[in-house]
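Colleague: Next input, structure requested:
(2 chains)
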Amino acid sequence: MEIKRIATAGTLESSDIQITIAPGNNGLQIELQSDVIKQFGAQIKQTIIDVLTNYGVQNAQIKAVDKGALDLVIKARAIAAVQRALEISEEPRWEVL
Amino acid sequence: MENSLGRNLSAELLQKLAYQPYQTTDFGHPKIQRHAPMVTATTGNDKVVNSLKEVVQKTVRNGMTISFHHHFREGDFVFNKVMRIIIDAGYQDLTLAPSSLTNVMNDIVVEAIEKGVVTNITSSGMRGSLGDAISHGVLDNPVIFRSHGGRARAIEEGSLNIDVAFLGVPNADRLGNANGMNGKTAFGSLGYALIDAQYADKVVLITDNLQEYPNTPASIKQTQVDYVVPIEQVGDPDKIGSGATRFTKDPKELKIAKMVNQVIVNSPYFKEGFSFQTGSGGAALAVTRFLRESMLEKDIKASFALGGVTKPTVDLLEEGLIGRIMDVQDFDKGAAKSMHLNQNQQEIDASWYADPANKGAMVDQLDVAILSALEVDTDFNVNVMTGSDGVIRGAIGGHQDAATAKLTIICAPLVRGRIATIVPKVTTAVTPGASIDVIVTEIGIAINPKRTDLQQALAHVPGLVVYTIEQLQQKAEAIVGKAQPLQFKQRPVALVEYRDGTIIDEINEVQD
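Modeller: Model (predicted):
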């Protein structure tokens, strides 16, 4: 699936994560900012990659600003962002949710 | 080398600095020779010096140990003014030994380190840009962290020998009689500074409020003071302490506070004449409110409240629910102001408060201590010094000292954001688990297994869920996930003394 437009989900409130997805041509590239990057950086990136992979996205530039979000929040924000970026928010892909 | 908590210590460093590894919370009854200051005799008519520069020239030499107190907290002007002169004069190789370091002092300390002016630091704690710089190895020699009681011990026994103490005061007369209670920059108790005034070789008072001689009540006395320097302003009254400490509205903190109160009320210590210390954190403060209700309901009065004092504690004193406040420091204006109104609010110095090496400290008489934590591990060891990234951002304060109370309660949320508070092993051990009795989180409590009496007393309290500490740790991990261990370089940047002067842990340079 190709990213159609730049899309964002999430806020910069504590315990949230703001994920921005833009078109790319070099795999899934994630730029992550997080106060817990030392302990959870790899896990946060993996959660986002898993969501995008489930949507069949192979190329994208992703910016994530994490404020200590739990895994389920990261997943939810990634899903919202990718659906907006793919312009399928009106017809969510229920099978990958 | 490992100490009795299994913390890894550099044997080489301990040997070089003549330190022993921590073994036990029991101080025993050693005989200790106190250190005495070198006194220059005077009749006292020539103490007033009109510039800080001149007094620094008269007193400071390369290689000396200089001290400050932190009673002005974030409103302190004295530290920066004196350090500016010291840096600009080009002094080298000084040891900085303040009672603690607040954020307003950070930048100038980093500058002093980078210029070789300060080459050693001992403090209760540090945070912000200074903690960050130290954790990244800016200082060659390890910082020595001491509790308030531990600092008093180190000064009395001479292992911390202060050459010059620069003590800001909100009032003083020309001979050096001063207190912390009067004047526009009043902060209440001079508790930590009193030790410096008593033991430093040279004592310099700095004030913006020169009073008629003799100035009373005198907490610092003319017999201790070498110089008095009048300056324009010693601090910003608005930043010394918050106007009045407010009770939290955070439902999580309120729930924790309510459970802390349940633990206290159902313990064997809640009886006529009990004593307690609460910290200044949100939950700890709210405990005071619930405790008040329980005291009224059961008609029980406390003999004393100890420690850092806040207005809510003063209110209990004025209501007759507490007999005395033993006051080493005041956290808000309400508490500071009431010191000269309430005869029963007694100023105490850091030794009287918390020193294990004297003939009886207040903490030895303490029934209940309510303390906070950044991390607690499954051995009940507490970290109040390093953050989740391994960087120094805290202070021991009176934590190790008050934790020797008969019932020590740590209140902390199970998780903070994505960071677990209850962990398998704390990043830095500051207070040993042997002195901790109950952990209270918003989902329930854990009781130290060695306290079978408390296990029994708290087993059937309605609404109080008792877990094991391992269960609490697992519940935290289930929420946040398993954290990757922090990476450190094999280079100690700080040593944490236990209150007896042994080393309870070392802090290594962080790996970025």
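Colleague: What segments of chain A are helices?
Modeller: Along chain A, counting by DSSP state H, helices occupy A:37-54, A:71-85.
Colleague: can you tell me if the first one touches chain B.
Modeller: Yes - in this structure, helix A:37-54 sits against chain B according to CB under 8 Å from any CB of the partner chain; the contacting residues are A:K38, A:Q39, A:F40, A:G41, A:A42, A:Q43. In short, each C-beta sits where N, CA and C put it, glycine included.
Colleague: Select only the buried ones of those in PyMOL?
Modeller: To isolate the buried members of the residues of helix A:37-54 next to chain B in PyMOL, using 16 or more other CB atoms under 10 Å in any protein chain shown:
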select buried, chain A and resi 38+39+40+41+43
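Colleague: closest to chain B among the residues of helix A:37-54 next to chain B?
Modeller: A:Q39 (3.7 Å; CB to the nearest CB).
Colleague: hang on, the earlier thing: of the helices of chain A, which stretch is the most buried?
Modeller: Comparing the helices of chain A by mean neighbour count (mean count of other CB atoms under 10 Å in any protein chain shown), helix A:71-85 comes out on top with a mean of 21.
Colleague: contacting residues around that one?
Modeller: A:3-10, A:15-22, A:43-44, A:47-48, A:51-52, A:55, A:57, A:60, A:66, A:69, A:89, A:92-93, A:97, B:481 (CB atoms under 8 Å, 6 or more residues apart in numbering or on different chains).
Colleague: Would you point out which residue is most central in the chain?
Modeller: Reading this off chain A. Nearest to the geometric centre of chain A sits A:A78, at 3.2 Å (CA atoms, centre = their mean).
Colleague: I was after chain B.
Modeller: The residue lying closest to the centre of chain B (CA atoms, centre = their mean) is B:G397, at 1.6 Å.
Colleague: That residue: what secondary structure?
Modeller: coil (DSSP: H, G, I helix; E, B strand; the rest coil).
Colleague: Now it. Nearest residue, chain neighbours left out?
Modeller: Closest residue in space to B:G397, ignoring its immediate chain neighbours: B:S124 at 5.8 Å, by CB to CB, 6 or more residues apart in numbering or on different chains.
Colleague: residue contacts, the one you found?
Modeller: B:H70, B:S99, B:S100, B:L101, B:F145, B:R146, B:S147, B:H148, B:R151, B:A395, B:I396, B:G397.
Colleague: can we see that at 10 Å?
Modeller: B:70, B:98-101, B:145-148, B:150-151, B:192, B:350, B:385, B:394-399 (CB atoms under 10 Å, 6 or more residues apart in numbering or on different chains).
Colleague: Sort out for me which of these are in helices.
Modeller: Filtering these for helices - DSSP H - leaves B:H148, B:G150, B:R151, B:Y192, B:A350, B:H399.
Colleague: Among those residues, which pair sits farthest apart?
Modeller: Distances among the ones in helices among the contacts of B:S124 were taken as CB to CB; the most separated pair is B:Y192 and B:H399, at 14.8 Å.
Colleague: Please say which of those two ends up with more neighbours.
Modeller: B:H399 (30 against 25; other CB atoms under 10 Å in any protein chain shown).
Colleague: circling back: can I get the helices of chain A in CSV with distance to B:L321?
Modeller: Below are those laid out as CSV (distance: least, CB to CB, whole Å):
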stretch, distance to B:L321
helix A:37-54, 44
helix A:71-85, 44
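Colleague: JSON lines for the ones you listed, including mean pLDDT?
Modeller: Converted to JSON lines, the helices of chain A look like this (pLDDT from 0 to 100):
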{"stretch": "helix A:37-54", "mean pLDDT": "96"}
{"stretch": "helix A:71-85", "mean pLDDT": "96"}
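Colleague: ok, and the closest non-adjacent residue to the residue of chain B found nearest chain A?
Modeller: Checking chain B residue by residue against chain A with CB to the nearest CB singles out B:G417 as nearest, at 2.9 Å. Computed as CB to CB, 6+ apart, the closest residue to B:G417 that is not its neighbour in sequence is A:G68, at 2.9 Å.
Colleague: For the one you found, the count of nearby residues, please.
Modeller: 21.
Colleague: Isn't it up against B:A420?
Modeller: No - at 11.6 Å, A:G68 does not count as touching B:A420 under the criterion of CB atoms under 10 Å.
Colleague: what touches both of those two?
Modeller: Jointly contacting A:G68 and B:A420 under the rule CB under 10 Å, 6+ apart are B:S388, B:V480.
Colleague: that older thread, closest one of the residues of helix A:37-54 next to chain B to B:A457?
Modeller: For the residues of helix A:37-54 next to chain B, with B:A457 as the reference and CB to CB as the criterion, the closest is A:Q39, at 37.0 Å.
Colleague: What residues does that closest one make contact with?
Modeller: Applying CB under 10 Å, 6+ apart, the residues near A:Q39 are B:388-390, B:418-420, B:480-486.
Colleague: Need the max-distance pair from the residues you listed.
Modeller: Distance extremes for the contacts of A:Q39: the farthest pair is B:G390 and B:G481 at 18.2 Å, using CB to CB.
Colleague: These two: who's more crowded?
Modeller: Between B:G390 and B:G481, counting by other CB under 10 Å, B:G390 is the more crowded of the two (22 against 16).
Colleague: And the more buried one, which helix or strand is it part of?
Modeller: Using DSSP states H and E, B:G390 falls within no helix or strand.
Colleague: Would you mind giving the domain segments of chain B?
Modeller: For chain B, the structural domains run B:11-23+B:45-240, B:251-481, going by automatic domain parsing.
Colleague: and the ones you listed as TSV, adding mean pLDDT?
Modeller: Formatted as TSV, the entries for those read as follows, by pLDDT from 0 to 100:
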stretch	mean pLDDT
domain B:11-23+B:45-240	97
domain B:251-481	95
